[in-house]
Structure formats: structure tokens, C-alpha cells
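Peer 1: here's my sequence, what's the structure:
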Amino acid sequence: MNNKLIDVNLRYIFESDNCSVLRYSLIDENRKVLSDSKEIFKTLSNEGLTTNKEARCTLTKLGIDISEKGGWIKHLELEDLKTQDLNEKSELKEKYEKELRRLNIKLAQSNLDSNIENSETRKITNRNSNIGVGIGIITLIALCVQIWVNNKVPKTELQVEELMGILERQDTLESKLDSIIFVNQEVIQDTIHKSDN
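Peer 2: Have a look, this model is predicted:
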């Protein structure tokens with residue numbers, strides 16, 4: 001069905017008394033009465049723009065709302081913009097999920113590397129070993145939770161905002177873990193230095 005024809009008739013019905021016209025008075029793009037109005041009559045009803053009783057078209061609340069906001073063509077343009085916005089949000093979410101996975105993997109690898117480098121030192125102090133293993137377990141749990149959360153596609157703007165909050169908390173966690181690793185390395189070096197003396 002021609003969207004221009006829908007737009008013209010929607011405006012025509014909206015401007016009529018009581019937002020209602022007879023089916024036989026529906027018009028073409030040149031505002032001339034259609035010789036066969038069955039198809040547009042059905043289309044207006046199928047789109048939820050009119051209720052059709054016998055031979056009368058009466059605008060529904062949706063039909064009135066769309067008419068007040070600029071008509072059918074404008075409505076379709078707005079729907080396209082909403083779809084584009086949703087697609088852009090989905091792409092942004094994918095980008096953040098990918099970066100989050102990369103950071104989680106980097107953090108897990110960093111912890112693994114730290115544990116390997118400190119294997120001799122772990123023999124000296126069990127406390128530091130337990131912290132390293134604890135960090136590894138927390139990182140693994142965080143990675144699993146993030147992967148589980150990231151596999152859910154946000155359907156609303158609120159869910160996108162929640163994802164942004166998770167990313168901010170992940171950055172904070174990474175910063176805190178870096179601080180703990182740095183402090184642990186200093187403690188290990190002090191312990192080694194003291195054991196050498």
C-alpha cells in the first residue's frame with residue numbers, strides 16, 4: 001500500500017467532522033474520490049488507524065495521535081529513527097562487551113603471570129599465595145558473571161545504562177587489583193630481602 005495514500009486519507013479523516021468519513025469518500029493523492037476504496041479502507045484498519053463499521057471509517061486513538069504528530073509519513077520516519085537508535089545502542093553494547101571481555105582476559109592473564117613469577121616467593125609466604133589465588137578466583141568469577149551478563153541483549157535504555165555502570169565498576173576493580181598486586185609484590189620483595197639478611 002502506498003504510504004502517501006495512507007497519509008492523505010489519515011489527514012482527510014482527521015480533518016473531517018468527528019474524525020469519521022464514509023468509505024466511499026476516501027481520496028487519492030490528488031484529493032479526488034477513489035473509485036475503489038476497499039484496499040485503503042482495509043489498510044487503515046489493519047494499521048490500527050481506524051475502526052471500520054459498515055461503510056464508515058473512524059479514527060482510533062492511534063490514528064488521532066499520529067495525525068496530531070504530523071501524519072503517517074512522519075510516523076514512519078520516527079519509527080525508522082527509533083530502529084536506528086536501537087541498532088546504534090546494540091552496536092555500542094557489543095563494543096563495550098568486547099572491551100570488557102578483553103580487560104577481563106588481560107586482568108586474568110596478569111594475575112596468572114603474577115602467580116607464575118611469584119611461585120618461588122609463594123613458598124616463602126602462604127599469606128601472599130592465598131591472596132594471589134583469591135584474586136585469581138575473584139577474577140574468574142567476575143569474568144564468568146560478566147560473560148553471563150554480557151550475553152543478555154539490552155532491550156531498554158535503562159539496561160544500557162546498567163551495562164555502563166558495570167563497565168565503570170570493572171575499571172574500579174581492575175585498578176584495585178593492580179594496587180593489591182603492587183602491594184603484594186612489595187611485601188614479597190621485603191620478605192625475600194629480610195630472609196636474605
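Peer 1: show the average pLDDT along the host helix or strand of residue 180.
Peer 2: Remark: residue 180 resides in helix 157-196, with elements defined by DSSP states H and E. Helix 157-196 comes out with an average pLDDT of 71.
Peer 1: how is the protein carved up into domains?
Peer 2: As assigned by automatic domain parsing, the chain contains the domains 3-70, 86-196.
Peer 1: for the protein, give me the ranges with low pLDDT.
Peer 2: For the chain, the stretches with pLDDT under 70 are 1, 117-133, 136, 144, 147-164, 167, 171, 195-197.
Peer 1: got the residue ranges for the helices in it?
Peer 2: Under the criterion DSSP state H, the chain carries helices at the ranges 3-15, 38-46, 61-68, 72-117, 119-124, 126-150, 157-196.
Peer 1: out of those helices, which one sits most buried?
Peer 2: When you average the neighbours per residue for each of the helices of the chain (mean count of other Cβ atoms under 10 Å), helix 3-15 leads with a mean of 19. Quick note: C-beta positions are derived from backbone N, CA and C, even for glycine.
Peer 1: who's in contact with that helix?
Peer 2: Helix 3-15 is contacted from outside by 19-21, 26-29, 31, 40, 43-44, 47, 49-50, 57-59, 63-64, 66-68, 71-73, 76, using Cβ atoms under 8 Å, 6 or more residues apart in numbering.
Peer 1: quick one: residues contacting the closest residue to residue 180 other than its chain neighbours.
Peer 2: Leaving aside its sequence neighbours, residue 180 sits nearest to residue 135 (Cβ to Cβ, 6 or more residues apart in numbering; 6.5 Å). Residues near residue 135 by Cβ under 8 Å, 6+ apart: 111, 177, 180-181.
Peer 1: save these as a markdown table, and put in distance to residue 170 too.
Peer 2: Output for the contacts of residue 135, formatted as a markdown table (distance: Cβ to Cβ, whole Å):
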| residue | distance to residue 170 |
| --- | --- |
| 111 | 14 |
| 177 | 10 |
| 180 | 15 |
| 181 | 16 |
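Peer 1: farthest-apart pair in the residues you listed, please.
Peer 2: 111 and 180 (9.9 Å; Cβ to Cβ).
Peer 1: circling back to that earlier point, which elements pack onto the helix holding residue 180?
Peer 2: helix 72-117, helix 119-124, helix 126-150 (3 or more Cβ pairs under 8 Å, 6 or more residues apart in numbering; DSSP states H and E).
Peer 1: including distance to residue 191, could those helices go into TSV?
Peer 2: Below are the helices and strands packed on helix 157-196 laid out as TSV (distance: least, Cβ to Cβ, whole Å):
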stretch	distance to residue 191
helix 72-117	15
helix 119-124	6
helix 126-150	8
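Peer 1: of all those, which one comes closest to residue 189?
Peer 2: helix 119-124 (8.4 Å).
Peer 1: gap between residue 14 and residue 93?
Peer 2: 39 Å (Cβ to Cβ, to the nearest Å).
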